[in-house]
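Student: sharing a sequence plus its predicted fold:
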Amino acid sequence: MVDTFIAAYDGSEAAGRAVDFAVKRAKAGKARLLVVHVLEWSPYSFLTQEELAERHKRRNQELDRAAKAVLDPLKAKLKDSGIEIETAIKYGHVAETLCDMAKAEGAAQIFIGRTGSSSLMDRIFGSVAGSLAQIAPVPCTIVP
């Protein structure tokens with residue numbers, strides 16, 4: 001059975017480093033790599049039927065834009081990497097969504113980049129990488 005690795009990717013330099021590291025680890029372990037881009041979307045707002053229809057339309061536009069602007073260039077860059085690479089775009093809380101994907105895919109490991117930010121907001125609310133490290137159902141590699 002081939003292991004599956006998950007790499008979080010948002011188009012940032014930190015995420016690029018995480019994907020590059022995950023590609024190397026996937027090659028070494030003959031694993032499949034699933035690159036996931038998570039769009040944060042709150043389901044906790046009350047909307048009318050018209051607003052729900054408009055929101056659904058906007059979601060589809062966002063998914064299309066994210067695929068073209070974020071994941072398609074990455075897929076082109078990794079085309080000749082020598083490993084099986086798939087991509088997915090999901091809505092939700094980033095850390096929780098990555099954990100859900102890891103469980104659903106039977107992933108062996110998650111890779112995420114660290115931005116190095118030490119802002120007050122990160123200290124109070126925590127970073128995505130820090131949250132993921134605490135709740136991940138599988139080993140989580142935080143790439144500096």
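Tutor: Cool, got the structure. Quick caveat, the model's predicted, so the values are computed rather than measured.

Student: let me see the mean pLDDT of stretch 66-77.
Tutor: What stretch 66-77 shows for mean pLDDT is 93.

Student: so how far is it off the chain centroid?
Tutor: With Cα atoms, centre = their mean, to the nearest Å as the basis, stretch 66-77 stands 13 Å off its chain's centre.

Student: for stretch 102-110, same thing?
Tutor: Here stretch 102-110 shows a centroid-to-chain-centroid distance of 12 Å under the convention Cα atoms, centre = their mean.

Student: what does that stretch contact?
Tutor: When contacts are defined by Cβ atoms under 8 Å, 6 or more residues apart in numbering, stretch 102-110 is touched by residues 3-8, 25, 31, 34, 98-99, 101, 132, 136-141. C-beta here means a position set from N, CA and C on the backbone, and glycine is covered the same way.

Student: same question for stretch 31-41.
Tutor: So stretch 31-41 is in contact with 2-11, 19, 22-23, 25-26, 59, 62-63, 66, 70-71, 74, 83-94, 97-98, 101, 105, 107-108, going by Cβ under 8 Å, 6+ apart.

Student: repeat that for 7 Å
Tutor: Stretch 31-41 has contacts (Cβ atoms under 7 Å, 6 or more residues apart in numbering) with 2-10, 19, 22-23, 26, 62, 66, 70-71, 74, 83-94, 97-98, 101, 105, 108.

Student: pull out the buried residues from it.
Tutor: Across stretch 31-41, burial judged by 16 or more other Cβ atoms under 10 Å covers 31, 32, 33, 34, 35, 36, 37, 38, 39.

Student: and the fourth one, which of the three is it?
Tutor: Right, residue 34. Secondary structure assignment for residue 34 (DSSP: H, G, I helix; E, B strand; the rest coil): strand.

Student: and it, bridged to which residues?
Tutor: residue 6, residue 86 (DSSP bridges).

Student: and the last one, by the same measure?
Tutor: According to DSSP bridges, residue 91 are recorded as the beta-bridge partners of residue 39.
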